[in-house]
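Participant: would you be able to build a 3D model of this:
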Amino acid sequence: MHARLFSVSLLCVSAIVLGGCQTTRTVEPDLVDGKEVYQFDPIPVPVIGAQDLSISVPEDPTKLLDEALVAFELANKAQEEGDTDVAFQQYTQMMELLLESDLDPSVFYSLRNEFNQILGESTRLAKLNNTTTTPPPVVDEAEVLAIRSELDYPNPLNDRVLAEIYHIQKSYPKGFQAGLNRSARYLPHIRAEFKKAGLPEDLVWLAMVESQFTPRINSRVGAGGMWQFMPSTGSRFNLQRDHYIDERYDWKKSTQASIQYLSKLYEMFDSWPLAVSSYNVGEGAIERAIALNGGQRDLWGLLDTGAASKRIPRETKKFYPKLLASALIANNPEKYGFTPSTEAAEQTETVKVSSAYMLEDIEKAAGIASGTLGKLNTHFRYNYSPPNRTANLYVPVGTAARVRSALPKLSQLRPDTHVVRRGETLSGIASMYQTTANELMRINNIKSARRLQVSQRLVIPGRLGSRGGASATVSGNRKVYVVRKGDSLSGIASRYGTTISKLQQWNVMGRNTRIHVGDRIYVSKPSSNTISSKSSTSSAGTGTLVIYTVRSGDTLGKIATKQGVSLKNLLMWNKLTNRSTIRPGDKLKLYKGRATSSSAGATKTHTVKRGENPGTISKKYGIRTSDLLRWNNLKSSSIVHVGDVLHVQNPGTSGTTITHTVKRGENPGSIARKYKVSTQSFYAANGWTKNPVLQIGQKVKIPQ
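Facilitator: Numbering: from 1, shown residues only. I've put the predicted structure just below:
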């Protein structure tokens, strides 16, 4: 049984040792400033030395085969972890055990092909291992002692740290070099702050492990910025985050937050190896690992032994060793095949801004190179400073005075924001705020106009020459008020002599009382002037007067198309313009068709009452529901509301008709489809009660 199982396994081990089964992790680069940035969690394949099996000589050959199988499994495990040296050692030991087992000739005969192949590959692999395998990096003991700090470098360096040095050199040297180059922009400030806080000097290289010194970058799990704070952790350390700003991307503020967090972790564990590992996985996970190992507080022991080792994630096992490896290389880059950075340190001044200004406007006014402020202010989510709050604007050294002088002369962005309601479209919102859909998409980073979501907040572009007063403006015969800082729904209701419930009704808010700075809300009821008191023979229009109640999602263009009237006439009848704002509940008048004096074909209007639907209304007038829907440009899925006015024809009405001459192959169904009329109305116009047999050349009536 063992011999058969082992023969199958031997074929696998041959492929694995040769590298055919080895799996590697591809590091996908991000582009920052046009350069490749390799962001890692970090989660490269670990290289951990496995312990050699002590060779024993059991009396039973079966036990030797069992030991050979164990050696095979260890070789396989070491190869998967990237440790080819240990894999080769275990593979060699497996072969020695097989030779010592002195298998029965019949067994050897059945396995002869496999053994011949394996022995041949063993010889080739031995030569390959001695000539082409890159030896592990050599770190002098004196070098370790020279840089020894509170970070507690193991001396001599253990396999985990050596493996990370090797991995940096072989897996992503370009990415590491790019991070090393960037580090020079920020390290002078970071080193000074860490020193001021009494933190170990080499702890600054944690920014290399986390982001390769990239201020604006996100991980797959949502961590952001140079120090990779999750939103919840960032808020614990006063990194503000809202629709306009995310201070996790402010590398100076996030550096202060990382100092606070690391200091707190060190207070908890009194050990930098444990504190740094907690920075990656959370303090709770490390505390549980310590408890599982009976209170053991040595990180290396926790990583390699006991129940704790199984519970600690692989990326956390690599995190502290990667920090030490990064610091070793960064402190002596030439020795490891890298070059020191020649980039200059970032020199900035801080200007406090409390209004929204386009960064490009500030650059032009202050004589700053285009694009500079965007690179220095990565904490701004858009290309302008946040409205209605004070924020830090970083400017090049020597330009702060010019910027402060220019700000009062610049036009401010208006602080309007819009909460998307059900049924609204980007073009409709753009029309409401007198801007364009393309501008809305650009400033809100929207890739597709179809991706609007209910309750999504949109920043509204536009300029304000001055702050202006707090009075309401008139839009579409109604007063509209822009909510400002400190406003409440009750205060607005009191100011305009109305009630909260009416404001909620006019603005389709339900019972919600929450408003936001920049919201535009109606502070007056729909004007009665919207509905004409004149008859249908008014000079404003001819035909039947229909009062249309605006629904959620409606736009003037959509209403005109749906009701079969021109947009120009709809605007004229209601004294509106293309930029007028309409809201759900508004009443619009429109004239449809022409009244006829024929009693058989007279047109009526019906005002929808509570509990009615197209089916009940059709039954009331003795007409088909499909005809009612067609006359009013409705679909079978359309919903009618109380107060809607519907166009109704008397039974038997066929309106005007045209004549069609039947051609070869035509039937009533195909003719009805051709003219886009219902089969029922087609039958009614021709007086048919059942399916007729049409003749070529026959004249039939088509209802219009």
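
Participant: per-residue pLDDT, the nearest residue to residue 436 once chain neighbours are set aside?
Facilitator: The spatially closest residue to residue 436, leaving aside those adjacent along the chain, is residue 430, at 5.4 Å (CB to CB, 6 or more residues apart in numbering). Just so you know, the C-beta spots here come from the backbone N, C-alpha and C atoms, and that holds for glycine as well. Looking at residue 430, its pLDDT reads 81.

Participant: in what helix or strand does residue 430 lie?
Facilitator: helix 426-432 (DSSP states H and E).

Participant: from the contact counts, what lies against that helix?
Facilitator: In this structure, helix 426-432 makes packing contacts with helix 437-443, judged by 3 or more CB pairs under 8 Å, 6 or more residues apart in numbering; DSSP states H and E.

Participant: just the mean pLDDT for the helix it packs on, thanks.
Facilitator: Rounded to a whole number, the mean pLDDT of helix 437-443 is 82.

Participant: what packs against it?
Facilitator: Taking 3+ CB pairs under 8 Å, 6+ apart as contact, the helices and strands that helix 437-443 lies on are helix 426-432.

Participant: can you tell me what sits against the helix it packs on?
Facilitator: 418, 420, 436-437, 439-441, 446, 449, 452, 458, 520, 553, 555-556, 578-579, 581 (CB atoms under 8 Å, 6 or more residues apart in numbering).

Participant: just the ones of these in strands?
Facilitator: 418, 458, 520 (DSSP state E).

Participant: may I see the PyMOL selection of the buried members of the residues you listed?
Facilitator: A single PyMOL command is used to select the members of the ones in strands among the contacts of helix 426-432 judged buried by 16 or more other CB atoms under 10 Å:
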select buried, resi 418+458+520
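
Participant: possible to save the ones in strands among the contacts of helix 426-432 as a markdown table with pLDDT?
Facilitator: What follows is those, written out as a markdown table (pLDDT from 0 to 100):
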| residue | pLDDT |
| --- | --- |
| 418 | 76 |
| 458 | 81 |
| 520 | 73 |
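
Participant: pick out whichever of the ones in strands among the contacts of helix 426-432 sits closest to residue 167.
Facilitator: Closest approach to residue 167 among these (CB to CB): residue 458, at 45.0 Å.

Participant: for that closest one, which non-adjacent residue is closest in space?
Facilitator: When the adjacent residues along the chain are set aside, residue 458 lies closest to residue 418, with 4.6 Å between them (CB to CB, 6+ apart).

Participant: hmm, residue 460 and the one you found touching each other?
Facilitator: Yes. With contact defined as CB atoms under 8 Å, residue 418 and residue 460 form a contacting pair (5.8 Å).

Participant: ok, residue 482 - how many residues close by?
Facilitator: When neighbours are counted by other CB atoms under 10 Å, residue 482 registers 19.

Participant: isn't it up against residue 519?
Facilitator: Yes. Here residue 482 lies in contact with residue 519, judged by CB under 8 Å, at a distance of 7.3 Å.

Participant: how about the residue lying closest to residue 378 once chain neighbours are set aside, what does it touch?
Facilitator: For residue 378, the nearest residue in space outside its immediate sequence neighbours is residue 216; the separation is 4.0 Å by CB to CB, 6+ apart. For residue 216, the contact set (CB under 8 Å, 6+ apart) comprises 32, 224-225, 249, 378.

Participant: and the gap between residue 216 and residue 181?
Facilitator: For residue 216, the distance to residue 181 equals 17 Å [CB to CB, to the nearest Å].

Participant: check residue 614 too.
Facilitator: According to CB to CB, residue 614 stands 70 Å off from residue 181.

Participant: could you do residue 344 as well?
Facilitator: Residue 344 is 11 Å from residue 181, by CB to CB.

Participant: name the residue in those two with the higher neighbour count.
Facilitator: Counted by other CB under 10 Å, residue 344 and residue 181 do not tie: residue 181 has more neighbours, with 18 against 9.

Participant: which element is residue 546 on?
Facilitator: strand 544-549.

Participant: got the buried residues for that strand?
Facilitator: Of the residues in strand 544-549, those scored as buried under the neighbour-count criterion (16+ other CB under 10 Å) are 544-549.

Participant: likewise stretch 319-331?
Facilitator: For stretch 319-331, using 16+ other CB under 10 Å, the buried residues are 319-330.

Participant: what of stretch 484-503?
Facilitator: Buried-residue list, stretch 484-503, by 16+ other CB under 10 Å: 484, 487, 489, 492-493, 498, 500, 503.

Participant: let's see which of those end up in helices.
Facilitator: Among the buried residues of stretch 484-503, the members falling in helices (DSSP state H) are 489, 492-493, 500, 503.

Participant: got CSV for the residues you listed, with pLDDT too?
Facilitator: Formatted as CSV, the entries for those read as follows, by pLDDT from 0 to 100:
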residue, pLDDT
489, 82
492, 82
493, 77
500, 82
503, 84
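
Participant: and of those residues, the nearest to residue 385?
Facilitator: Taking those together and measuring to residue 385 by CB to CB, the closest member is residue 492, at 27.0 Å.

Participant: residue 481 is in contact with that closest one, correct?
Facilitator: Yes. Using CB under 8 Å, residue 492 makes contact with residue 481 at a distance of 6.2 Å.

Participant: what is in contact with these two at once?
Facilitator: Listed as contacting both residue 492 and residue 481 by CB under 8 Å, 6+ apart are 521, 523.

Participant: now for the residue lying closest to residue 424 once chain neighbours are set aside: which residues touch it?
Facilitator: Spatial nearest neighbour of residue 424, excluding adjacent residues (CB to CB, 6+ apart): residue 553 at 6.2 Å. Residues touching residue 553, when contacts are defined by CB under 8 Å, 6+ apart, comprise 422-425, 428.

Participant: what does residue 367 give?
Facilitator: Residues in contact with residue 367 (CB under 8 Å, 6+ apart) are 399, 402.

Participant: run the last query once more with 10 Å
Facilitator: Residue 367 is in contact with 399, 402-403, 406, counting by CB atoms under 10 Å, 6 or more residues apart in numbering.

Participant: look up phi and psi at it.
Facilitator: Geometry field for residue 367 lists phi and psi as phi 70, psi 40, criterion degrees, to the nearest 10.

Participant: if I look at it, what pLDDT would I see?
Facilitator: What the model reports for residue 367 is a pLDDT of 95.

Participant: so which bits of whichever helix or strand residue 182 is part of are buried?
Facilitator: Element membership of residue 182, judged by DSSP H and E, is helix 173-196. Within helix 173-196, the residues that count as buried by 16+ other CB under 10 Å are 175-187, 189-190, 193-194.

Participant: show the pLDDT at the closest residue to residue 346 other than its chain neighbours.
Facilitator: Spatial nearest neighbour of residue 346, chain neighbours left out: residue 185 (4.5 Å); criterion: CB to CB, 6+ apart. Residue 185 carries a pLDDT value of 96.

Participant: surely residue 606 touches residue 646?
Facilitator: Yes. In this structure residue 606 lies within contact range of residue 646 using CB atoms under 10 Å: 4.8 Å.

Participant: those helices in the stretch 101-250 of the chain, which residues are they?
Facilitator: In chain order, the stretch 101-250 of the chain shows helices spanning 105-110, 112-131, 141-147, 159-171, 173-196, 206-211, 231-236, with DSSP state H, counting those that start in this stretch as the criterion.

Participant: quick one: average pLDDT of stretch 382-391?
Facilitator: For stretch 382-391, mean pLDDT rounds to 84.

Participant: compute the first-to-last residue distance for that stretch.
Facilitator: Between the opening and closing residues of stretch 382-391 lies a distance of 13 Å (CA to CA, to the nearest Å).

Participant: list the buried residues for that stretch?
Facilitator: Buried residues in stretch 382-391, defined by neighbour count with 16+ other CB under 10 Å: 382, 384-387, 389, 391.
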